[in-house]
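Enquirer: Give me a model of this one.
(chains A and B)
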Protein chains: 2
Amino acid sequence: MAISTKPLSGMRDFLPADVARRNYVVGIVRQVYERYGFVPLETPALESLDVLLGKYGEDEKLIYRVLHRGEELQRVLASPPQRGLDADALSDQALRYDLTVPLARVLAQYGDLPRYFKRYQIQPVWRADRPGKGRFREFYQCDVDVTGTEAAIAEAEVCAAGCEVLDRLGFRDYTFALNHRELLRSLIRSAGIETGREGSALQAIDKLDKIGKDAVLDELGGRGVDRSAGERLLALIDRPEDESNDTRLSDLREGLVDDAGRAAVDRLEEILGLLRATPVGSHVRIMPKLARGLGYYTGAIFEIAAAGLGSSIGGGGRYDELVGIFGKRRVPAVGLSLGLERILVIMTEQGMFPDLGVGPQVMLCWLDVDRSDVLRVAHRLRAQGLRVEVFPEPAKLGKQMQYADTPGVAAPWCAIVGASELANGEVALKHMASGDQAAVAIDAVAEAIARR
Amino acid sequence: MAISTKPLSGMRDFLPADVARRNYVVGIVRQVYERYGFVPLETPALESLDVLLGKYGEDEKLIYRVLHRGEELQRVLASPPQRGLDADALSDQALRYDLTVPLARVLAQYGDLPRYFKRYQIQPVWRADRPGKGRFREFYQCDVDVTGTEAAIAEAEVCAAGCEVLDRLGFRDYTFALNHRELLRSLIRSAGIETGREGSALQAIDKLDKIGKDAVLDELGGRGVDRSAGERLLALIDRPEDESNDTRLSDLREGLVDDAGRAAVDRLEEILGLLRATPVGSHVRIMPKLARGLGYYTGAIFEIAAAGLGSSIGGGGRYDELVGIFGKRRVPAVGLSLGLERILVIMTEQGMFPDLGVGPQVMLCWLDVDRSDVLRVAHRLRAQGLRVEVFPEPAKLGKQMQYADTPGVAAPWCAIVGASELANGEVALKHMASGDQAAVAIDAVAEAIARR
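Expert: Sure thing, here's the model as predicted:
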């Protein structure tokens, strides 16, 4: 049987242009995050299952586990546990599922990290999810978090850094939706929904933009919320499009029945004031219907959506009870995750990349000269910062230039070295698109190319 | 039971300074390789076991396999194959073990790759080896290969690019050992060792530098090679230190009994001539005892060793029968792999890194001003290219500056913003090491820091 050479389902090979695009985006992310005082962290692809289990709810089944090896596997197979063989008996390590749990482990492990540990982390994670459009089993996460403080400056800095990344990448029309988990909970209570159904209601609301009001009311009904309470809730959270942030907040405050909700509004006003002084600026929209699926948020939550695209390109929030789990003390934290894969898709579709310089700029073609001399010329061209490929085999010049022009190589210039050029310290520099050709001194080639 | 927060055995967390060092090296590798016309490739961490098995000999047992999930696991556990449960029944995917087999898969999968596909690839691989000093279970490989040509220019370019990386990183005294697999085979025959024992002899010779002459002779004996043939072989391959490359080659040629060996010497002379025109230059040493462990080499082989360090920091060779395995045609190839982990260890030990700018340059401290104004000042400082952390919580100035000085933060400067500074459009810029402090216009801070 022939072996399939496709990458595994849900995984991708990154060919040169793909890698160049990702490196370009990652380079800007790094630079911006470092200017905001964040430092890079990387953790192993494999973690102990002890560390991972119990953190992801029912998604835990999507974790890729590593099979025991050698004697350990023999032992388990020879004498299975009483309950019988299962995944827990056959593995105790697994692939990284997100970047937050590893951060929590690192915070507990290293005693000498700064009190306000501001880290960014850009690494792949693996989830055995059903593959789909834009949903992969191996994908990069791009997280930035501030730990160790409850101060609103942490929210502001995390959000500002994320938006400055988008600005630098060329995103213009995006919305930065801001909400607070406690405000939303209070609104649910204020609509007359009983405390026991808060979590259920959150999950229904989370789908509002996807499935619409009627379907959410149906779903709320299915979860035991009566229709009039559901309608009151939707009236509170589904606001007129053109309402200003300040009106929205003061209006929301009016409808609240408890102090927890009013404290959340105070906090949102505080954050809003700070965000206005940052690159988030006019992008920010108070969005009381924003729920964010994940269970662990405890404070402000946010989500970034590019204009005309349904799904978000980033999101995050405050989660004060998670990253301390492996240690002895509570560690407040706020973070933002950029959707690197989605950013790449949008930027590719909308032609937002500059020329990324993949592949050679110059194909060095040669005839009737010593190959050592060809390599010496190549070295001098490279010393000028040029990306230079040397045609490797003896061939007619026409064939060499034809190769320079093939897709996947696509060198915009050929530099031709023959005996007379070499004697003059020159190359014949040919611009492939126009066919223009001129003799250029070897050490002036970069300059000649830059002039074009 | 408390959960261990250490990384798994043989794996490492990369804290900020570690990531910065690796990114610095990788950045130079990328830049040099791209100037040589190589393009980047990345492949998934997981590969089908079909692709990986049968490629690594007995090391195959070191492959990390991924356990089946969900229904597939249930099915196998419920009705195991007749031979019983084993690793093959429980998994069909595994972690990447090297970067060469994925390259072979990519070459077979994508029909529109350039004929001379010159790719570099820098990604982690996983091997369940016994962890030891400098030997990890997750480590980066850094490979560069030219496929599709048997021309010696390919050897020259791969070797030149590798040495130029080392030069740029600051390595000075390193040796570039060059040999040819067919020359070594011919020398073995010329010493009178029978053809059937060539492979065995290669493996023994591979250990010469580690275990010494006597032990190699013993090992050769154990492998059925008689002592006088073993001594003849060692006399041929273990050359005087001060012998020149040219003398060595002509001397070797004398001792050869067959044309295959003489053809290999011709080829080495050709490559040697080309390398002299590149950054490999005076580093190159013809080294007939160099064997390189891996079985798949078919031509020139090479290994780079840093002065005073036993083990190599890179190596490679020509392997014309491997990367075509998944396709319909033979694809000649030559490649070099740099030992990124070892390079990092040496550079760290020998202080070869420049200031890598990890962490904030400026800690922005503030008192009695609006936090929005603090964030505006931070933005103006960042716009100057500075890495700026904002102290997040209200605190006494002394406490803020003390934090700037803690290990892990170590901001060399504090910029203090109070009401009067803000009114003047200035910060009080304090140099932490000297204690010098001066009022500086907000937009001139980067300049003031650069002047110091």
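Enquirer: residue ranges with poor pLDDT in the stretch 201-350 of chain A?
Expert: Along the stretch 201-350 of chain A, segments meeting pLDDT under 70 span A:294, A:310.
Enquirer: Just say helix, strand or coil for the closest residue to chain B within it.
Expert: Of all residues in the stretch 201-350 of chain A, A:Ala277 sits closest to chain B, at 3.9 Å by C-beta to the nearest C-beta. Every residue, glycine included, has its C-beta placed from N, CA and C. Assigned with DSSP: H, G, I helix; E, B strand; the rest coil, A:Ala277 falls in the coil class.
Enquirer: beta partners of the residue nearest to A:Trp413 when sequence neighbours are not counted?
Expert: Computed as C-beta to C-beta, 6 or more residues apart in numbering or on different chains, the closest residue to A:Trp413 that is not its neighbour in sequence is A:Val362, at 4.7 Å. In this entry, A:Val362 is beta-bridged to A:Val388, A:Trp413, by DSSP bridges.
Enquirer: And A:Val362, how close does it get to B:Val280?
Expert: Distance, A:Val362 to B:Val280, by C-beta to C-beta, to the nearest Å: 21 Å.
Enquirer: repeat for A:His180
Expert: Distance of A:His180 to B:Val280, computed by C-beta to C-beta: 62 Å.
Enquirer: More neighbours: which of the two?
Expert: A:His180 (28 against 25; other C-beta atoms under 10 Å in any protein chain shown).
Enquirer: I'd like to check which residues are in contact with that one.
Expert: Going by C-beta atoms under 8 Å, 6 or more residues apart in numbering or on different chains, A:His180 touches A:264-265, A:267-268, A:299-301.
Enquirer: Phi, psi for it please.
Expert: Dihedral pair for A:His180: phi -140, psi 130, per degrees, to the nearest 10.
Enquirer: gap between it and A:Ala235?
Expert: From A:His180 across to A:Ala235, the span is 19 Å (C-beta to C-beta).
Enquirer: was I right about A:Pro114 contacting B:Val409?
Expert: Yes - contact criterion C-beta atoms under 8 Å: A:Pro114 and B:Val409 qualify, at 4.8 Å.
Enquirer: what do those two both touch?
Expert: With C-beta under 8 Å, 6+ apart, A:Pro114 and B:Val409 have common neighbours B:Tyr403.
Enquirer: Look up how far A:Gln402 lies from A:Leu367.
Expert: According to C-beta to C-beta, A:Leu367 and A:Gln402 sit 14 Å apart.
Enquirer: So those two - more neighbours on which side?
Expert: It is A:Leu367, of A:Leu367 and A:Gln402, that has more neighbours when counted by other C-beta under 10 Å, with 16 against 11.
Enquirer: where along the stretch 301-450 of chain A do the strands fall?
Expert: A:312-318, A:333-338, A:362-366, A:388-390, A:413-417, A:426-431, A:437-441 (DSSP state E, counting those that start in this stretch).
Enquirer: hmm, back to that, contacting residues around the residue nearest to A:Trp413?
Expert: Taking C-beta under 8 Å, 6+ apart as the criterion, A:Val362 is in contact with A:381, A:386-389, A:411, A:413-415, A:445, A:449.
Enquirer: One more: A:Ala17?
Expert: By C-beta under 8 Å, 6+ apart, the contact list for A:Ala17 reads A:356, A:358.
Enquirer: just A:Ala20 next, same as before
Expert: By C-beta under 8 Å, 6+ apart, A:Ala20 lies in contact with A:356-358, B:40.
Enquirer: Mark out where each domain of chain A begins and ends.
Expert: A:174-285, A:362-451 (automatic domain parsing).
Enquirer: Quick one: name the residues of the stretch 301-450 of chain A near chain B.
Expert: A:326-327, A:357-360, A:371-376, A:379, A:382, A:385-390, A:392-393, A:403, A:406-409 (C-beta under 8 Å from any C-beta of the partner chain).
Enquirer: Can you tell me which of the strands of the stretch 301-450 of chain A is nearest to A:Lys61?
Expert: A:Lys61 lies closest, by C-beta to C-beta, to one member of the strands of the stretch 301-450 of chain A: strand A:333-338, at 21.7 Å.
Enquirer: strands paired with that closest one, and their directions?
Expert: Strand A:333-338 is paired, per DSSP bridges, with strand A:138-147 (antiparallel), strand A:312-318 (antiparallel).
Enquirer: what's the spacing between the first one and its chain's center?
Expert: Which is strand A:138-147. How far strand A:138-147 lies from its chain's middle: 7 Å, per C-alpha atoms, centre = their mean, to the nearest Å.
Enquirer: Let me know the average pLDDT across it.
Expert: Across strand A:138-147, pLDDT averages out at 97.
Enquirer: CA atoms only for the following helix or strand past that strand, dumped as CSV, please.
Expert: With elements assigned by DSSP states H and E, the helix or strand that comes after strand A:138-147 is helix A:152-169. C-alpha atoms of helix A:152-169 as CSV (Å, rounded to 0.1, in the frame of the first residue of the first chain):
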residue,chain,number,x,y,z
ALA,A,152,-6.9,48.2,36.0
ILE,A,153,-3.7,49.3,34.4
ALA,A,154,-3.1,45.6,33.7
GLU,A,155,-6.3,45.4,31.7
ALA,A,156,-5.4,48.6,29.9
GLU,A,157,-1.9,47.4,29.0
VAL,A,158,-2.9,44.0,27.8
CYS,A,159,-5.7,45.5,25.6
ALA,A,160,-3.5,48.3,24.3
ALA,A,161,-0.7,45.9,23.3
GLY,A,162,-3.2,43.7,21.4
CYS,A,163,-4.7,46.7,19.5
GLU,A,164,-1.3,48.1,18.8
VAL,A,165,-0.3,44.8,17.2
LEU,A,166,-3.4,45.0,15.0
ASP,A,167,-2.7,48.6,14.1
ARG,A,168,0.8,47.7,13.1
LEU,A,169,-0.4,44.8,11.0
